[in-house]
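1. Return a 3D structure for these sequence lines:
(one chain, ligands or ions: 1)
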Amino acid sequence: MSSQDKHRGSWTGSTGFILAAVGSAVGLGNIWKFPYITGVNGGGAFVLLYLLCLAIVGLPLLIAEMTLGRLSGKASFGTYTTLAPPERGGRSWGGFGALIIISSFFLMSFYSVVGGWTIAYFVKAISGEFGPQASSDVPAIFDNFIADPVQGTLFHVLFMGACIAFVMRGVSRGIERASKIMMPLLALLLLILLAHSLTMPGAGEALRFMFYPDFSQLKPTAILEAMGHSFFTLSLGMGVMIVYGSYLSKKSSIFFSAAAVGLADTAIALAAGVTIFGIVFSAGLAPGSGPGLIFVTLPSLFAGLPFGSIWAVLFFLLLAVAALTSGISILEVSVSFVVEHLKISRQKVTLAIGAFITALGLLSVFSFNILSDITLFTLHNGGDPKPLNIFDTMDYLISNWALTIGGLGAALFTGWAVPREQIWNELKGDALGKTGFTIWLSITRFIAPVAVVFVLLHSVGVF
Ligand code: TRP
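-> Here you go, the predicted model:
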């Protein structure tokens, strides 16, 4: 290891890398967002679109981002400014790199607010708020909670503080150690809840809802949402996997790591979906109730179960942990950029950026109370206009548009800007083989960009 590598930090091995990447991928996207957007979009047909996007675009791009990072050995901006020869864009790709760093601030700012909700619900569960007496007041608990700017701020600050604490400690001592303990715990907890949900009367209906596609249920925005979410859930389009790849040793297999991350992420999303809809249908609740789905419906159910408080504590602990390891990765995007370009210590940089994002996040906290009257624009979704507050607007613009464009950029950069031999050199020892490499590169060059452009054009109403 050269002294420069020592300064940057690295994973202790393949397992550490895979767990950290799984930690980034598995988060609120899997457990909070995937079930609720599946519910809003009518179930099976949306799940199918999402799985298609994952297979055709998501997984190849995951390999692409990890490869870019390991090849350059730099964070995302450094990767975009150094890998392309002048005749293929050269340093001007840096503009694109800067754009994704800026959007990572916004993503982190609202992600942390929902992360704060999970900590708040964990605390509420411990203090017995979801005991047997609570069943009827649970929706009110959520409404009152988000209507309170003080609590919202407090838990957002707590969540940011936790992310800052881990990122400050650096790659292997902070991020990797957090994921190594937390990810296996998360999988275990989810398995217990899934087994429980499968014994409930609504399990059959939940499986039918998730896996039987009814295309008449799809909303016009479903396809952009499915594509955007396939990027969101794999942490693509914002340079996270580039940065994580840059800490990876040349000995580890990128193909194998990406496949493991993709499988674990998909398995956890589907398991969370089945668990949550099993509970929803058993209780006769509506699947399409939106962002409050897990915060409103689940505690009502926990309240009615024997040992309900224990289920609630376990569930929200799981969710907070999943959110934390993802939040850490979003924050790492901008911290790694500054650490690489300025000679300032990681601790100071993390604190400064963390404080800035915490302040920015207040806009999202206040979207549900002080600033709830502000509608930035109205989304027309098949005759069903939806006014977007500040939080909704950031989520919509970043999760759907910025990530999709970020992913398109990563695909074009890998496929057309970086010289093919360099990429081949990086991957030739890998499990892909020559044929696998050629297939993957063709997908990255042609199929993924065409699919993304198709979805974007469809979304602006071109066809
Ligand atoms: N993948 C995480 C989730 O599903 C969120 C996340 C972490 C993310 N890093 C990201 C999303 C980078 C987009 C880009 O919750």
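2. how would you label Ser235: helix, strand or coil?
-> coil (DSSP: H, G, I helix; E, B strand; the rest coil).
3. how many other residues sit next to it?
-> 28 (other C-beta atoms under 10 Å). Where you see a C-beta, it was placed from the backbone N, CA and C, and this is true even at glycine.
4. Equivalent analysis for Glu426, please.
-> Glu426: 19 neighbours (other C-beta under 10 Å).
5. Restrict stretch 204-216 to CA atoms and write it as CSV.
-> Only the C-alpha atoms of stretch 204-216 are listed here, as CSV (Å, rounded to 0.1, in the frame of the first residue of the first chain):
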residue,chain,number,x,y,z
GLY,A,204,-51.8,-14.6,0.2
GLU,A,205,-53.2,-11.3,-0.8
ALA,A,206,-49.9,-9.6,-0.2
LEU,A,207,-48.1,-12.0,-2.5
ARG,A,208,-50.8,-11.6,-5.2
PHE,A,209,-50.6,-7.8,-4.9
MET,A,210,-46.8,-7.8,-5.3
PHE,A,211,-46.3,-10.4,-7.9
TYR,A,212,-49.4,-10.4,-10.1
PRO,A,213,-49.0,-7.6,-12.6
ASP,A,214,-52.1,-5.6,-13.5
PHE,A,215,-50.9,-3.0,-16.0
SER,A,216,-54.2,-1.0,-15.8
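6. ok, residues contacting it?
-> Outside of stretch 204-216, the residues within contact range by C-beta atoms under 8 Å, 6 or more residues apart in numbering are 38, 42-45, 47-48, 197, 270, 273-274, 277-278, 280-281, 287.
7. Now do that stretch, average pLDDT.
-> What stretch 204-216 shows for mean pLDDT is 94.
8. same thing with stretch 177-195?
-> On average, stretch 177-195 scores 82.
9. The stretch 101-250 of the chain: helices as residue ranges?
-> 138-146, 149-168, 177-198, 203-211, 222-233, 240-246 (DSSP state H, counting those that start in this stretch).
10. pLDDT weak spots in the stretch 351-463 of the chain?
-> Where the stretch 351-463 of the chain drops to pLDDT under 70, the residues are 381-383, 461, 463.
11. Residues of it that sit close to the ligand?
-> Leu403 (C-beta under 6 Å from any ligand atom).
12. do the stretch 101-250 of the chain as well
-> 107, 232-233, 235, 237-238, 240.
13. rerun that using 5 Å as the cut-off
-> Of all the residues in the stretch 101-250 of the chain, those in contact range of the ligand (C-beta under 5 Å from any ligand atom) are 232-233, 235, 238, 240.
14. With pLDDT and distance to Phe391 added, can I get these in a markdown table?
-> What follows is these, written out as a markdown table (pLDDT from 0 to 100; distance: C-beta to C-beta, whole Å):
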| residue | pLDDT | distance to Phe391 |
| --- | --- | --- |
| Phe232 | 96 | 15 |
| Thr233 | 97 | 19 |
| Ser235 | 97 | 20 |
| Met238 | 95 | 18 |
| Val240 | 95 | 21 |
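15. And for the nearest residue to Lys124 once chain neighbours are set aside, the neighbour number?
-> For Lys124, ignoring the flanking residues on the chain, the nearest one in space by C-beta to C-beta, 6 or more residues apart in numbering is Phe130 at 6.7 Å. Number of residues near Phe130 (other C-beta under 10 Å) recorded here: 30.
16. can you check Ser216 too?
-> That count, for Ser216 with other C-beta under 10 Å as the rule, works out to 7.
17. Use 39 as the first number from now on
-> Yep, numbering from 39; the last one is Ser254 now.
18. ok, so what distance separates it from Ala260?
-> 12 Å (C-beta to C-beta, to the nearest Å).
19. which residues sit against stretch 153-166?
-> So stretch 153-166 is contacted by 66, 70, 168, 179, 183-184, 189-190, 192-197, 201, 333, 337, 340, 347, 350-351, 353-355, 357-358, 361-362, 365, 403 (C-beta under 8 Å, 6+ apart).
20. of the residues you listed, buried ones?
-> 66, 70, 168, 179, 183-184, 189-190, 193-197, 201, 333, 337, 340, 347, 350-351, 353-355, 357-358, 361-362, 365, 403 (16 or more other C-beta atoms under 10 Å).
21. picking up where we left off before, out of the residues of the stretch 139-288 of the chain next to the ligand, who has the most neighbours?
-> Phe270 (30 neighbours).
22. List the contacts of that residue.
-> 67, 71, 437, 441.
23. quick revisit: compare the contacts of stretch 242-254 and tell me which is most surrounded.
-> Neighbour-wise, those (other C-beta under 10 Å) top out at Thr76, 29 neighbours.
24. Could you tell me how many residues sit around the residue nearest to it when sequence neighbours are not counted?
-> Leaving aside its sequence neighbours, Thr76 sits nearest to Phe84 (C-beta to C-beta, 6+ apart; 5.5 Å). Burial of Phe84 is recorded as 27 neighbouring residues (other C-beta under 10 Å).
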